[in-house]
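>>> show me how the following folds:
(one chain, ligands or ions: 1)
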Amino acid sequence: MTPNADPLAALTGQEHAVSRLNAIAHDPPQSIVIEGGDADSRVALALYWAMRLNCASGDIPCGQCPACKQIADFAFNDLLFFDGREGLIKVQPSGTCEEPGDSPLMATASGSPSFPKPRCS
Ligand SMILES: [Zn+2]
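Down below sits the predicted model:
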């Protein structure tokens, strides 16, 4: 995605996913995992979802209200955007686990979020 590009342009061809998001918007879950498609499509769906829940029009995102514009600019105060393409999300390789005595909280020099290793059982 290029800067200043329409962040929802990649929704083209994702009508089924948009329809599913609209169907659950009346009682939104605490979290949603968006998978499949390409990265731009997933980002567009995530931004659509944020707009859908925060748009001042109260329904399908208008793209013009302050909330929609701030979300499109990644400047909305309640939007925390973590893009795995930029190395901001650390993924623990499967099959590895924490040894007893390891700290469950890990800090990184970059300040990026890091999740604890799964415990061996
Ligand atoms: Zn709006």
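>>> surely Tyr48 meets Leu8?
Yes: when contacts are counted by CB atoms under 8 Å, Tyr48 is listed as touching Leu8 (5.9 Å). For every residue, glycine as well, the C-beta is placed using N, CA and C.
>>> neighbour count winner among the two?
Shown here are Tyr48 and Leu8; by other CB atoms under 10 Å, Tyr48 has more neighbours (25 against 20).
>>> now Gly37: closest residue in space that isn't a chain neighbour?
Gln14 (6.7 Å; CB to CB, 6 or more residues apart in numbering).
>>> give me the distance between the one you found and the ion.
In this structure, Gln14 and the ion are separated by 19 Å, where distance is defined by CB to the ion, to the nearest Å.
>>> quick one, what contacts Ala72?
For Ala72, the contact set (CB atoms under 8 Å, 6 or more residues apart in numbering) comprises 6-8, 47, 51, 63.
>>> out of those, which one has the lowest pLDDT?
Of all these, Pro7 carries the smallest pLDDT score, 74.
>>> how about it, secondary structure?
Going by DSSP: H, G, I helix; E, B strand; the rest coil, the secondary structure assigned to Pro7 is coil.
>>> same question for the one 10 residues further on.
The three-state label for Ala17, taken from three-state DSSP, comes out as helix.
>>> near the residue nearest to it when sequence neighbours are not counted, how many other residues are there?
Residue nearest to Ala17 in three dimensions, not counting chain neighbours: Leu45, with 5.6 Å by CB to CB, 6+ apart. If you count neighbours by other CB under 10 Å, Leu45 ends up with 22.
>>> which ones are touching Tyr48?
By CB under 8 Å, 6+ apart, the contact list for Tyr48 reads 8, 11, 18, 21, 61.
>>> re earlier: which of the contacts of Ala72 has the largest number of neighbours?
Of those, with other CB under 10 Å as the count, Met51 tops at 25 neighbours.
>>> quick check: buried residues in the helix or strand hosting that residue?
When elements are defined using DSSP states H and E, Met51 is found to belong to helix 39-54. Applying a neighbour-count criterion of 16 or more other CB atoms under 10 Å, one finds 41-52, 54 buried in helix 39-54.
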